[in-house]
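1. the following comprises the amino acid sequence and a computationally predicted model.
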Amino acid sequence: MSLVLLLSGPNLDLLGEREPAVYGTDTLADHVKRAEAAAGRHGLELAHLQSNHEGELIEAIHGARGRADALVINAGALSHTSWSLHDAVAAFEGPVVELHISNPAAREPFRHTSVLAPVASGVIAGFGGLGYELAIDAVAALLEGA
């Protein structure tokens, strides 16, 4: 069974409370359950880590090398600023899907550029909680060689 590591970055532990007009009212646990259900439909195992600390996310990516087959990462604002996270993702050898609940291109200018996108297999953005399911579907397709 292939393992997918789902990483959630800073402030995502506040989903459901923080800016519901932008991020909706579902909690991070709701999104993870949706990803787990999608993973189950594809015969994938899902592990999840949320951290408000950049270094912990980097350590998780390093630890996933040779253990996880794919990454789905919603790095929050770190998507736009963290070159060290970029470098960690670049060192991961499997498919990587960058995920955003909102559409960064429709928001503040500083969110328009992702430093992760150049090292990700693809980006899913702006679909709210559905994005978690779409990200797992994409990873499954990439693992199958589609």
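-> In hand now; what should we look at? Numbering: from 1, shown residues only.
2. quick check on Gly24: phi, psi?
-> phi 80, psi -180 (degrees, to the nearest 10).
3. surely it is in contact with Ser102?
-> No. Using C-beta atoms under 8 Å, Gly24 makes no contact with Ser102, being 9.0 Å away. Quick note: C-beta positions are derived from backbone N, CA and C, even for glycine.
4. spit out the residues that contact these two alike.
-> Residues touching both Gly24 and Ser102 (C-beta atoms under 8 Å, 6 or more residues apart in numbering): Gly128.
5. any regions of the protein where pLDDT drops low?
-> Counting by pLDDT under 70, the chain shows low-confidence ranges at 146.
6. how about the strands in it?
-> 3-8, 45-50, 70-74, 96-100, 122-125 (DSSP state E).
7. how about the ones you listed in CSV, adding mean neighbour count?
-> Formatted as CSV, the strands of the chain follow (neighbours: other C-beta atoms under 10 Å):
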stretch, mean neighbour count
strand 3-8, 24
strand 45-50, 17
strand 70-74, 25
strand 96-100, 24
strand 122-125, 19
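8. helices along the protein, start to end?
-> With DSSP state H, the ranges of helices along the chain come out as 20-23, 28-41, 54-64, 83-90, 130-143.
9. please export the C-alpha coordinates of the shortest one as CSV.
-> It refers to helix 20-23. Coordinates of the C-alpha atoms in helix 20-23 are reproduced here as CSV (Å, rounded to 0.1, in the frame of the first residue of the first chain):
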residue,chain,number,x,y,z
PRO,A,20,-14.5,31.6,7.4
ALA,A,21,-15.4,33.9,4.5
VAL,A,22,-12.1,32.9,2.9
TYR,A,23,-11.5,29.3,4.2
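10. for that helix, which outside residues touch it?
-> Leu15, Ile101, Ser102, Arg107, Gly128.
11. mind listing what's buried in that helix?
-> Along helix 20-23, these residues count as buried under the neighbour rule (16 or more other C-beta atoms under 10 Å): Tyr23.
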